[in-house]
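Q: I need the structure of the sequence given here:
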Amino acid sequence: MAIDTTVLVIGGGATGAGVARDLALRGCDVTLVDRGGLQEGTTARSHGLLHSGARYAEADEAGAEECIAENRTLRNIAGAAIADTGGLFVQLAEDDPDYFDAKRDACERIGIPVEVLDGDEARAAVPDLAAGVERAMHVPDAVVSPSRLVAANARDAADHGAAVHYDSPVEGIRVADGEVAGVAVGGALDETISPEVVVNATGAWAGDLAAMAGVSVEMRPTRGLMVSVEHARLGTVLNRCREPGDGDIVVPHEREAVLGTTSVAVEDPDKYERADWERERVREECAAMCPPLADAARVREWWGVRPLYEPDEADRGGRGISRGFFLLDHADEGVGNFLSVVGGKLTTYRLMAEATADAVCERLGVDEPCSTAAEPLPGADDPDTLDGFVADIGGPGPSDSDTAGR
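A: Predicted structure coming up:
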């Protein structure tokens, strides 16, 4: 016998869990399913940087504005899922000073707080910085625990009536009379779900899921490597102040530093090469900012796949700096109750969820406004409580397995 639900959200990463939470808080009947443990995909395999918007400021003003706004919101609602490390954009001798100036000016124009430090001041703040650092900008970057964030969103969704199922992969979608009529879910759930609206929040796998419904989502996933090394002295995020490239971000954890990342197109987000040159490139480039990283002992490494949307990335010539998100309505392809939310970044997951929930509620005639920007996540101020939620969804992912749920 089929399970009836008003909204079926497929994909339990940050965006999908955020959509389920938003809709549940508005009183909607929601079911969330994921093929594995929640947040096992892109979310669990990020570098865990909560962007200030400075990375995008000079090239994507709208994206940067979204980042700084959501940065502030998440600090207010996510508590111990956020570590307030701050961040530095560092200029080395070989880096273009005009790029530094353009980024600083853009940050000031957008309203991203920025403080310029000369090389000596930067090294006083971060003693391990390279002698070749000529100046730096301090910005309000931070570090987010993806596992805690997703687990808290899923718990709040469940506390407000949502049905949350992990280890429950979608095995087929039946379309009849221009709408999704049934979704076959295997694994732990092993049921057919009959929804009024379906939200495809599967990230890099959005194209595969869309194809099950006979519609198209053109994804362009790229892989990226993160290497975590022993280094407890960093304390702040490091960003290389140059055009985005390999090995230009270092993210501090309690006893480790996460070095990232690369960007290589992949055909299949489940099956792709892991190349030795990526390990060498990431280590070399990050050590240019912080020399002790060159010889720091490797603790662990992981690859993630970015959920990039092909039309946007193609317009930007490949490694686009934009990480904007897109909400796709598949009614013009003949499936009137199927939406896909694609692109974006971890920092803006809540905004993506709000936009998606707004569209769903408009379709359903639900007038309740979004409250997720003001309503704290459950357990936000208690790391132990958050880590209990993490254990409930199958444990932490690789991005924060050294800190979450220990």
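
Q: Poorly predicted segments of the stretch 201-350 of the chain, please.
A: Within the stretch 201-350 of the chain, the stretches with pLDDT under 70 are 312-323.

Q: what about the helices in it?
A: Taking DSSP state H, counting those that start in this stretch as the criterion, the stretch 201-350 of the chain carries its helices at 206-212, 276-289, 310-315, 349-364.

Q: Highest mean neighbour count out of those helices?
A: Across the helices of the stretch 201-350 of the chain, averaging neighbours per residue (mean count of other C-beta atoms under 10 Å) puts helix 349-364 on top, at a mean of 22. Just so you know, the C-beta spots here come from the backbone N, C-alpha and C atoms, and that holds for glycine as well.

Q: burial count for residue 121?
A: By other C-beta atoms under 10 Å, the residues close to residue 121 number 13.

Q: Are there helices or strands packed against the helix or strand hosting it, and which ones?
A: In this assignment (DSSP states H and E), residue 121 forms part of helix 119-125. The helices and strands touching helix 119-125, judged by 3 or more C-beta pairs under 8 Å, 6 or more residues apart in numbering; DSSP states H and E, are strand 87-92, strand 133-139.

Q: centre of the chain versus that helix, how much separation?
A: Centroid separation for helix 119-125 versus its chain: 31 Å, with C-alpha atoms, centre = their mean, to the nearest Å.

Q: now stretch 357-372
A: Relative to its chain's centre, stretch 357-372 lies at 23 Å (C-alpha atoms, centre = their mean).

Q: Can you give me the distance of the residue nearest to the spatial centre of the chain to residue 198?
A: In the chain, the centroid-proximal residue (C-alpha atoms, centre = their mean) is residue 346; its distance is 2.2 Å. As for residue 346, its distance to residue 198 is 23 Å (criterion: C-beta to C-beta, to the nearest Å).

Q: quick one on the thing from earlier: quick check: mean pLDDT across the helix holding residue 121?
A: The pLDDT scores in helix 119-125 average 98.

Q: hmm, back to that, let me know whether the residue nearest to the centre of the chain touches residue 47 as I believe.
A: No: look at residue 346 against residue 47 with C-beta atoms under 8 Å: they stay out of range, at 9.1 Å.

Q: Between the two, which contacts overlap?
A: Counting by C-beta atoms under 8 Å, 6 or more residues apart in numbering, residue 346 and residue 47 have no contacts in common.

Q: Surely residue 399 is in a strand?
A: No: under DSSP: H, G, I helix; E, B strand; the rest coil, residue 399 sits outside any strand and is assigned helix.

Q: Brilliant, that's me finished.
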